[in-house]
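Enquirer: Task: produce atomic coordinates for the following.
(one chain, ligands or ions: 2)
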Amino acid sequence: MEQQTVYNPVARALHWGIFALVGIEFAIAWIMPDMRRGTLPTGWIAWHIGVGTSILVLMLLRLLWRLLRGAPELLPGPVWQQRLAGLVHVLLYAGFLLLPLLGWINASSRGWTVHLAGLVALPALAASGASWGHWMGGVHQVLAYVLLGAIGLHVAGALYHAVIERDDTLRRMWPGRR
Ligand code: HEM
Ligand code: HEM
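Expert: Ligands and ions are numbered 1, 2, ... in the order given. A predicted model of the protein is given here:
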């Protein structure tokens, strides 16, 4: 594979598209009603499921694309910073694949049919009423906030490179550059 210096256009489009959807998804999570026994998956809850399952599919495409096409090497810098950046990238990939799956498991255990993007019915990942599925709802919430922290660290790193180091880190992920 040829040496890459910038993220390719597909990787950049997926990075910023998923970023926008994740922002929308957290906003929906905060305005949707609390879920109790007997709550129906309508209104904002349906939107949460539709957007969340779309994020899952885009993350799968993104992982596949990255495995097929690779990514540029991290720019030179202190080893601890490179390790931390790499670790946060792995956490974000794994986390945003796992998080929607946990939500899906919880939704199945509530007896709901999960629709991809509100359109395509997906199979149940847990039996209706399964207590482990109920617990996964709690794990889903906690993981969502852990990932919000990871995004904070990731953005702090990106801004550090852009403002203090003034290197190419942010530019090579920015949309539009060849
Ligand atoms: C990246 C995608 C997702 C993010 C960032 C996310 C985020 C969140 C957050 C922050 C909450 C907690 C809301 C609160 O504090 O009151 C929540 C709850 C919930 N989400 Fe998601 N979610 C995602 C995907 C999904 C998917 C795909 C589903 C279902 C297919 C889902 C189903 C649920 C359910 C059922 C709850 C309530 C859990 C409970 O109270 O037991 N989520 N989500
Ligand atoms: C939902 C929010 C975000 C997620 C899940 C996320 C995830 C990731 C991941 C997994 C990578 C590794 C590269 C790859 O895709 O293979 C990456 C790279 C990058 N991200 Fe994000 N990101 C988010 C938001 C942001 C924001 C808001 C910024 C800027 C302020 C940003 C700036 C960057 C930069 C500059 C890189 C390239 C780093 C390098 O050159 O090594 N990201 N992001």
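Enquirer: ranges for the helices of this protein?
Expert: Along the chain, the segments classed as helices by DSSP state H run 9-31, 43-69, 79-109, 131-159.
Enquirer: For the second one, which residues meet the burial criterion?
Expert: Right, the one you point to is helix 43-69. 45-56, 58-59, 62, 66 (16 or more other C-beta atoms under 10 Å). All C-beta spots, glycine's among them, are computed from the backbone N, C-alpha and C.
Enquirer: Cross-check these against ligand 2 and keep the overlap.
Expert: Arg66 (C-beta under 6 Å from any ligand atom).
Enquirer: so which of the buried residues of helix 43-69 comes closest to Val139?
Expert: Using C-beta to C-beta, Gly52 is the member of the buried residues of helix 43-69 that sits closest to Val139, with 14.7 Å.
Enquirer: Distance of the closest one relative to Met35?
Expert: To Met35, Gly52 is 14 Å away according to C-beta to C-beta, to the nearest Å.
Enquirer: I'd like the helices of the chain written out as a markdown table, with mean pLDDT added.
Expert: Converted to a markdown table, those look like this (pLDDT from 0 to 100):
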| stretch | mean pLDDT |
| --- | --- |
| helix 9-31 | 97 |
| helix 43-69 | 97 |
| helix 79-109 | 97 |
| helix 131-159 | 97 |
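Enquirer: need those helices in JSON lines with distance to ligand 1, can you?
Expert: Formatted as JSON lines, those follow (distance: least, C-beta to the nearest ligand atom, whole Å):
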{"stretch": "helix 9-31", "distance to ligand 1": "3"}
{"stretch": "helix 43-69", "distance to ligand 1": "3"}
{"stretch": "helix 79-109", "distance to ligand 1": "2"}
{"stretch": "helix 131-159", "distance to ligand 1": "2"}
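Enquirer: right, and those - which one's nearest Pro123?
Expert: Going by C-beta to C-beta, the one of the helices of the chain nearest Pro123 is helix 79-109, 8.4 Å.
Enquirer: so what's the spatially most central residue of the chain closest to, chain neighbours aside?
Expert: Here the mean C-alpha position of the chain is nearest to the C-alpha of Phe96 (C-alpha atoms, centre = their mean), at a distance of 3.3 Å. Distances taken as C-beta to C-beta, 6 or more residues apart in numbering put Met59 closest to Phe96, at 5.0 Å, once the chain neighbours are dropped.
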